[in-house]
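K.L.:
kindly generate the corresponding structure for this input.
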Amino acid sequence: MATMSSNLRRRPSTSAGRPLTDNPNPNRNPNWRDWEGISQSMAAQIAGHALANDVADYLQFRAACAPWREHTEDPKKHSVLDQRFHPHRWILLPEERSAVDGPRWRRMLNLSHGTKITLDLPHLLGGHAVAAGPGGSPGGILVLMDEHSLVVRLLNPLTGQGIDLPSVAPVLSRRSEGRLGLAKAFSGLRNVTGAGFAGNSTVVLHFGYDNKLVSTKLGDDHWEIVSNDSLMCSAFPFYGKVYVANGDGLMVVDAEAAPPKLELAAQWPPMEITLVHMADSSGELMVLTNKACFKKGSDDYMVEFHIFRLDADAGTLVEVKDLGDRALFVGDYCGGLLVSAKEGIIPNSIYFQHDRLNKFYVRRVSDDQTRRLTEAHRGSFIDDLTSYVAWNGRNMTKSQLLLADLGDNNKAC
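P.N.:
Residues are numbered from 1 along each chain as shown. Here you go, the predicted structure:
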């Protein structure tokens with residue numbers, strides 16, 4: 001079970017129901033209040049405010065004393081897909097940045113205020129691979145895969161809620177060669193490049209190196225293939241829907257269809273697009289398109305960014321000219337992180353990775369000025385963000401990565 005380190009200490013249980021001012025020793029502390037004995041309705045109200053702010057606050061409130069736990073809902077009695085208990089603004093840092101006191105202890109970072117916590121995650125031991133980066137943790141839920149059986153497990157790292165899903169082995173290819181004729185082990189094809197939840201019961205996974213978008217419903221014993229096509233963007237979860245991008249436009253998974261299928265959410269504007277990223281912009285779906293190419297015979301990396309928001313009612317993409325005091329971090333996969341500019345982060349900017357040289361650059365949205373990102377202090381907020389979006393879970397040699405990044409999506413200028 002995931003446990004969260006905290007300074008809170010549980011007090012010995014006493015009888016509940018006393019008035020808050022009923023001090024058993026009034027001469028010791030005139031400001032004493034019997035918080036442990038607050039009414040059930042008051043405890044529930046405080047817990048509701050804590051949960052609305054952050055599930056971590058809710059868990060700390062419940063950990064304070066036994067009566068408060070009795071008066072509030074236990075997340076483990078609810079589905080792992082219950083979004084009320086999802087750690088939406090928490091990310092699991094890559095192992096090399098977060099492993100402490102052994103492999104089962106990992107760090108998580110809060111995107112809103114930069115707080116880090118240490119978790120005991122024994123589920124990551126015993127041959128379980130964790131889906132990497134922003135695309136692999138919808139709503140903060142970890143997607144784990146047994147490396148032998150390929151059984152998928154969903155895990156809420158804060159609450160400990162979890163569930164096992166069917167093995168994906170029957171829907172994955174067994175080919176040994178992929179793009180550009182590179183030899184690809186089966187372990188490469190099974191990397192989860194995107195994941196999301198559609199509604200209250202459907203799980204969607206994207207295996208980008210195998211061109212497979214699959215889905216299953218809780219309780220089903222198999223996965224359905226939604227798409228075999230090459231996508232410009234992996235699965236991205238957004239308020240109960242899952243979006244992807246292909247040549248036709250921005251697509252959404254219709255989980256109620258039998259079998260599930262892709263429906264057009266919005267057509268692309270008339271422009272050339274090679275890469276797409278998505279992010280949550282305070283309740284609006286932000287879409288970043290990129291025309292990326294290399295100059296022949298050099299390492300010059302040309303990018304042309306356009307930012308949009310989805311108008312779901314009109315089925316259109318509306319261009320966005322300014323990010324305000326925020327910055328967008330994007331890496332190899334679809335998911336991006338939109339955060340407040342602080343601790344040296346430049347506002348109204350896009351932080352992106354030069355795939356071929358494994359370097360980060362920052363581009364100001366206002367004037368398209370781009371510069372190389374200087375190496376940040378290890379463990380700083382900006383260092384954690386760039387490490388996270390660059391985390392892609394690939395296990396390929398450097399030469400293979402250089403060749404692979406010259407494939408279908410990254411064209412020559």
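K.L.:
doesn't Leu150 make contact with Asp164?
P.N.:
No - the criterion here is Cβ atoms under 8 Å, and Asp164 misses it with Leu150 at 11.6 Å. Heads up, the C-betas are built off the backbone N, CA and C, glycines and all.
K.L.:
which of the helices or strands spans Tyr351?
P.N.:
strand 349-354 (DSSP states H and E).
K.L.:
all helices of the stretch 51-200 of the chain, in order?
P.N.:
Using DSSP state H, counting those that start in this stretch, the helices of the stretch 51-200 of the chain run over 55-64, 66-70, 95-98, 186-189.
K.L.:
so which of these is the most packed in?
P.N.:
helix 55-64 (a mean of 19; mean count of other Cβ atoms under 10 Å).
K.L.:
quick one: mean pLDDT over it.
P.N.:
Across helix 55-64, pLDDT averages out at 92.
K.L.:
list the contacts of that helix.
P.N.:
4, 6, 8, 10, 46-47, 50-51, 68-69, 72, 74-75, 84-88, 90, 110, 117, 158-159 (Cβ atoms under 8 Å, 6 or more residues apart in numbering).
K.L.:
if we can go back for a sec, Asp164 and Leu150: which has the busier surroundings?
P.N.:
Leu150 (17 against 13; other Cβ atoms under 10 Å).
K.L.:
I figured that one hits Leu189, correct?
P.N.:
No - the criterion here is Cβ under 8 Å, and Leu150 misses it with Leu189 at 10.7 Å.
K.L.:
which residues are in contact with each of these two?
P.N.:
With Cβ under 8 Å, 6+ apart, Leu150 and Leu189 have common neighbours Leu172.
K.L.:
which elements pack onto the strand holding Tyr351?
P.N.:
Packing partners of strand 349-354 (3 or more Cβ pairs under 8 Å, 6 or more residues apart in numbering; DSSP states H and E): strand 326-330, strand 359-364, helix 381-390.
K.L.:
need these in CSV (columns: mean pLDDT and mean neighbour count).
P.N.:
Output for the helices and strands packed on strand 349-354, formatted as CSV (pLDDT from 0 to 100; neighbours: other Cβ atoms under 10 Å):
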stretch, mean pLDDT, mean neighbour count
strand 326-330, 94, 24
strand 359-364, 88, 18
helix 381-390, 89, 21
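K.L.:
can I get those in CSV including distance to Gly136?
P.N.:
Output for the helices and strands packed on strand 349-354, formatted as CSV (distance: least, Cβ to Cβ, whole Å):
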stretch, distance to Gly136
strand 326-330, 15
strand 359-364, 20
helix 381-390, 11
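K.L.:
these: which one's closest to Ala245?
P.N.:
In terms of Cβ to Cβ, the element of the helices and strands packed on strand 349-354 nearest to Ala245 is strand 326-330, at 13.2 Å.
K.L.:
what's next to that closest one, contact-wise?
P.N.:
Strand 326-330 has contacts (Cβ under 8 Å, 6+ apart) with 277, 279, 286, 288, 307, 336-341, 345-353, 362, 385-386, 388-389.
K.L.:
and the residues you listed, which are buried?
P.N.:
277, 279, 286, 288, 307, 336-339, 345-353, 362, 385-386, 388-389 (16 or more other Cβ atoms under 10 Å).
K.L.:
re the thing from before, how about the helices of the stretch 51-200 of the chain in TSV, adding distance to Val168?
P.N.:
Shown next, in TSV, are the helices of the stretch 51-200 of the chain (distance: least, Cβ to Cβ, whole Å):
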stretch	distance to Val168
helix 55-64	28
helix 66-70	37
helix 95-98	22
helix 186-189	10
